[in-house]
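**Student:** model this:
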Amino acid sequence: MQGRSEKEIQTSDKAVVRNSEVTAKDHVEVLYFHGKQRCATCIAIENNTLAVMKENLSEQVKKGEVVFKVIDISKKENEKIAEKYEVTWSSLFVVGYKNGQETAENMTQFAFGNARKSPEVFKEGLVKTINDMLK
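**Tutor:** Residues are numbered from 1 along each chain as shown. Predicted coordinates for the structure are as follows:
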């Protein structure tokens, strides 16, 4: 994340999601992976996820309970995280950290099926998954 603090994530629409100084011990990370080339659906996944962060989860983001990361898998510095989640193309993961345990939900198929043509379904499903992991 050249030129940016770890507290900010720049997205393609120039909006910034700020995370609190300290990420809560138990928290949820929303990881959106993409490559250099992105289709309209890929962009819709990012934009709708950002909308969820702002419209539905802004308090949780401020508290560090929810973190949204946009990860370009074409960059060398992101190879390890892409390998960890076995990502080779655009993907969306929701990862919960609770009591030292990590639980990852691969939402890629759901995201591609809904983000562009049924954005409300996508947003509702994403919010539900995040909230379930926060419990």
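**Student:** Only C-alpha atoms from now on, for both contacts and neighbour counts.
**Tutor:** Will do.
**Student:** Return the residues in contact with the residue lying farthest from the centre of the chain.
**Tutor:** Going by C-alpha atoms, centre = their mean, the residue of the chain most distant from its centre is N99, 20.9 Å out. Contacts of N99 were listed using C-alpha atoms under 8 Å, 6 or more residues apart in numbering, and they are D26.
**Student:** Could you measure from it over to S74?
**Tutor:** When distances are taken as C-alpha to C-alpha, to the nearest Å, N99 and S74 turn out to be 32 Å apart.
**Student:** ok, now G96?
**Tutor:** 25 Å.
**Student:** Can you tell me what sits against stretch 84-95?
**Tutor:** Stretch 84-95 is contacted from outside by 28-35, 42, 73, 82, 102-108, 111, 129-130, using C-alpha under 8 Å, 6+ apart.
**Student:** quick revisit: tell me which of G96 and S74 has more neighbours.
**Tutor:** G96 (25 against 16; other C-alpha atoms under 10 Å).
**Student:** what comes up buried for stretch 93-105?
**Tutor:** Of all the residues in stretch 93-105, those buried under the rule 16 or more other C-alpha atoms under 10 Å are F93, V94, V95, G96, Y97.
**Student:** quick one: it to chain centroid distance?
**Tutor:** Remark: stretch 93-105 is offset 13 Å from the chain centroid, using C-alpha atoms, centre = their mean, to the nearest Å.
**Student:** now do the same end-to-end measure for it.
**Tutor:** Start to finish, the residues bounding stretch 93-105 are 6 Å apart (C-alpha to C-alpha).
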